[in-house]
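Asker: All I have is the shape, not the residue letters:
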């Protein structure tokens, strides 16, 4: 089955620690996205990548970093600079082209200890 | 710039009653419009989309939406809701020429038995 997987489902972060969220897709999509979801705020774009080895900042990139070394993988690192990391993180992908629908992974919930 | 407004944060409705979830958008260019559904602790699933053509769009689970350009709206409707429709619903817009999708803040539909 084609789709997007995210791991882990739950992640705990200690103060001052960097953590990495995994996102893998086997849909052969070029474009991938990371969103942060907070209650009552909808989805906010953190980073996106239209092609391997290239990515752009979204609306709330501060305190986050990404890499895109492979087409199927787009990991997100939440750094210690992100002071309020507790949220639900969603990864999405789509074929290039502005008409194309985004497909979402199941999400990772990040909690701070 | 583009934006989406979902004025209703919560909509309670009795089972088998009709429902309308409102969505208004703003964009200086032509738009593509989407409705997604999210069940607790899961990713987003596409319900339906408007790309062009007929302004009445039918989606999964008996939902439909109508694109109204003059009122810049894309309201979601279902003639008879079921308990299983209890979820959060997100409206989203992508403007012609824009790389990014903008999401509304979501509407929680609570179906009452």
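Answerer: Looks like it arrived, so ask away. This is a predicted model, so every value here is computed, not measured.
Asker: excluding its backbone neighbours, what's nearest the residue in chain B positioned nearest to chain A?
Answerer: Closest approach between chain B and chain A, counting by C-beta to the nearest C-beta: residue B:43, at 3.7 Å. Heads up, the C-betas are built off the backbone N, CA and C, glycines and all. If you skip the residues right next to it in sequence, residue B:43 has residue A:104 as its closest partner in space, 3.7 Å away by C-beta to C-beta, 6 or more residues apart in numbering or on different chains.
Asker: That neighbour contacts residue A:92, correct?
Answerer: Yes. Using C-beta atoms under 8 Å, residue A:104 is in contact with residue A:92, at 4.8 Å.
Asker: ok, those two, which is more surrounded?
Answerer: More crowded of residue A:104 and residue A:92, by other C-beta atoms under 10 Å in any protein chain shown: residue A:92, with 25 against 22.
Asker: Three-state assignment for that one, please.
Answerer: With DSSP: H, G, I helix; E, B strand; the rest coil as the basis, residue A:92 sits in strand.
Asker: got a pLDDT number for the residue nearest to residue B:43?
Answerer: Predicted confidence (pLDDT) for residue A:104: 95.
Asker: Show the contacting residues for it.
Answerer: Taking C-beta atoms under 8 Å, 6 or more residues apart in numbering or on different chains as the criterion, residue A:104 is in contact with A:4, A:90, A:91, A:92, B:36, B:43, B:44, B:45.
Asker: Please name the residues that touch residue B:3.
Answerer: Contacts for residue B:3 (C-beta under 8 Å, 6+ apart) come out as B:25, B:26, B:27, B:93, B:102.
Asker: mind putting those in a markdown table, neighbour count and secondary structure included?
Answerer: Below are those laid out as a markdown table (neighbours: other C-beta atoms under 10 Å in any protein chain shown; DSSP: H, G, I helix; E, B strand; the rest coil):
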| residue | neighbour count | secondary structure |
| --- | --- | --- |
| B:25 | 20 | strand |
| B:26 | 14 | strand |
| B:27 | 19 | strand |
| B:93 | 25 | strand |
| B:102 | 23 | strand |
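Asker: Dump the residues you listed to CSV, plus pLDDT and distance to chain A.
Answerer: Shown next, in CSV, are the contacts of residue B:3 (pLDDT from 0 to 100; distance: C-beta to the nearest C-beta, whole Å):
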residue, pLDDT, distance to chain A
B:25, 95, 13
B:26, 92, 15
B:27, 87, 12
B:93, 93, 11
B:102, 92, 8
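Asker: ranges for the strands of chain B?
Answerer: Listed in chain order, the strands of chain B (DSSP state E) span B:2-5, B:10-14, B:19-21, B:24-27, B:31-38, B:44-50, B:56-58, B:64-68, B:73-78, B:87-95, B:102-103, B:107-112.
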